[in-house]
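Participant: this one's sequence-less:
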């Protein structure tokens with residue numbers, strides 16, 4: 001693996017973590033949303049990552065987000081007959097976002113992003129130092 005490939009790998013990882021952070025932000029923004037139907041309730045979303053491999057050398061070339069899937073966890077049904085969104089039986093449906101899990105996801109994605117920035121900075125410094133050897 002060349003030093004230049006590290007920039008590609010770290011860049012793709014930073015992009016993937018950025019998608020993860022945006023997805024987490026969307027989930028947190030909709031954590032307290034309600035709906036009058038179970039199907040209309042917001043469901044948490046999670047990005048799906050996939051490793052990009054070089055078919056000839058078998059080396060890792062990065063990571064990409066292949067999909068963003070909705071959570072299959074059930075939404076919370078709550079009896080609230082005074083709510084204007086309540087169905088005919090007086091129930092509203094809350095999103096299935098787990099705020100604690102999302103906060104942990106946010107911290108993890110943020111730290112992964114920071115680690116990849118450090119990898120890029122270290123690689124840049126190594127490349128500069130290598131070029132200075134020739135002087």
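Facilitator: Yes, it's here. Note that the structure is predicted; figures quoted are calculated from it, not measured.
Participant: Excluding covalently adjacent residues, which one is nearest to the residue positioned nearest the centre of the chain?
Facilitator: Geometric centre of the chain, nearest residue: residue 20, 1.3 Å, by CA atoms, centre = their mean. Counting by CB to CB, 6 or more residues apart in numbering, residue 20 lies nearest to residue 109, which is 4.2 Å off, once chain neighbours are set aside. Placement of C-beta: from N, CA and C, glycine included.
Participant: Work out for me the element residue 58 sits within.
Facilitator: Using DSSP states H and E, residue 58 sits within no helix or strand.
Participant: Surely residue 128 is within a strand?
Facilitator: No - read with DSSP: H, G, I helix; E, B strand; the rest coil, residue 128 is helix and lies in no strand.
Participant: dump the residue contacts of it.
Facilitator: Residues near residue 128 by CB atoms under 8 Å, 6 or more residues apart in numbering: none.
Participant: now residue 93
Facilitator: Counting by CB under 8 Å, 6+ apart, residue 93 has contacts 34, 35, 36, 37, 38, 40, 41, 75, 76, 77, 78.
Participant: Tell me, how many residues neighbour the first one?
Facilitator: For residue 34, the tally of surrounding residues (other CB atoms under 10 Å) stands at 18.
Participant: Thought residue 85 was touching it, still the case?
Facilitator: Yes - counting by CB atoms under 8 Å, residue 34 does reach residue 85; the two are 5.7 Å apart.
Participant: Now the common contact residues for the two.
Facilitator: residue 92.
Participant: Which of the contacts of residue 93 are buried, as a ChimeraX select command?
Facilitator: Remark: buried members of the contacts of residue 93, expressed as a ChimeraX selection using 16 or more other CB atoms under 10 Å:
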select :34,35,36,41,75
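Participant: Can you add distance to residue 9 and pLDDT and give the contacts of residue 93 back as TSV?
Facilitator: Shown next, in TSV, are the contacts of residue 93 (distance: CB to CB, whole Å; pLDDT from 0 to 100):
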residue	distance to residue 9	pLDDT
34	42	95
35	41	94
36	46	92
37	44	92
38	42	92
40	40	93
41	38	95
75	38	95
76	40	94
77	45	95
78	46	95
